[in-house]
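> Provided below are the primary sequence and the corresponding predicted coordinates.
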Amino acid sequence: MPRRLSVLIAVGLAFAACDRPPVVAIPHELPPVGQLERTYWPLADFSLTERSGQTVTLADFKGKVWIADFFYSTCPGPCPMLSSRLSAMQRTIGPDDRIRLVSISTDPERDTPEVLRQYAAKFHATDRWLFLTGTKESIRSLAFDNFKLPFSEQPGAVEPIIHSTRLILIDQTGTIRGLYDGIGKGDADQLARDVRTLLSRP
């Protein structure tokens, strides 16, 4: 059997053994920030539950500029840092109804709306900062297939859920426009400027 053919067969068998088909992930290295002329892809529709108990879909963000992140309430690692960053962003952008912050739980079995209400209160979240949960499969699909971000579970580990720590900027049409470091301090100011730039455009 030719070597190239045997390699292709091996790759195909590896993909077949996965619990879901491979997806195209965002490169590990962040692209330069402040380049809003670049667009990624439009998000597909989704349906999740907000901490208020209301159903939230992509249509609810039409005409809004929003910043999304993935987290879970019992996360011992980066999640409190991500939430603190968004809390600071909430103060920076002020009470502008054209902007939404959106935190999506990667642990929907534990992060019920009541748990999310308690978590949101710790970070002084207003009603313009949404905390979303849903079924495990809907969250996995949203992370993998819609945002194309890494997500995995490691039961028994110190951090049982591994997810992206990026802040994602989405424009008024539901198109991803930027990816930012959610842990380091360098991108926060640029993200705030990019939000204002999108709001200034028709």
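Now that the structure is in, tell me what you want to look at.
> For stretch 68-85, measure first residue to last.
12 Å (CA to CA, to the nearest Å).
> How far does it sit from its chain's centre?
Relative to the chain's own centre, stretch 68-85 is displaced by 11 Å; criterion: CA atoms, centre = their mean, to the nearest Å.
> same deal with stretch 39-47?
The answer for stretch 39-47 is 11 Å, by CA atoms, centre = their mean.
> cool, stretch 119-139 as well?
With CA atoms, centre = their mean, you get 12 Å for stretch 119-139.
> Repeat that for stretch 101-110.
Relative to the chain's own centre, stretch 101-110 is displaced by 9 Å; criterion: CA atoms, centre = their mean.
> rounded to a whole number, what's the mean pLDDT of it?
Mean per-residue pLDDT for stretch 101-110: 95.
> which residues touch that stretch?
Stretch 101-110 is contacted by residues 48, 61, 66-74, 82-83, 86, 89-90, 111, 116, 125, 128-136, 138-139, 142-143, 151, 161, 163 when judged by CB atoms under 8 Å, 6 or more residues apart in numbering. (Each C-beta comes from the backbone N, C-alpha and C, glycine too.)
> Filter those down to the ones in strands?
Judged by DSSP state E, the subset of the contacts of stretch 101-110 located in strands is 48, 66-71, 129-133, 151, 161, 163.
> Got a PyMOL select line for the buried ones in the contacts of stretch 101-110?
Entered in PyMOL, the line below selects the buried ones among these, by 16 or more other CB atoms under 10 Å:
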select buried, resi 48+61+66+67+68+69+70+71+72+73+82+83+86+89+90+111+116+125+128+129+130+131+132+133+134+138+139+142+143+151+161+163
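> tell me the contacts of Asp127?
Taking CB under 8 Å, 6+ apart, we find Asp127 in contact with Ser52.
> so what's the spatially most central residue of the chain scoring on pLDDT?
In the chain, the C-alpha nearest the mean C-alpha coordinate belongs to Asp69, at 3.4 Å (CA atoms, centre = their mean). pLDDT, Asp69: 96.
> Now that it has come up, it's in contact with Gly182, right?
Yes. With contact defined as CB atoms under 8 Å, Asp69 counts as touching Gly182 (5.9 Å).
> overlap in contacts of those two?
Leu82, Thr165, Arg166, Leu167.
> can you pull the pLDDT of the third one?
The predicted local distance difference test score for Arg166 is 92.
> That one and Asp69: what is the separation?
7 Å (CB to CB, to the nearest Å).
> Mutual contacts of those two, please.
Gly182.
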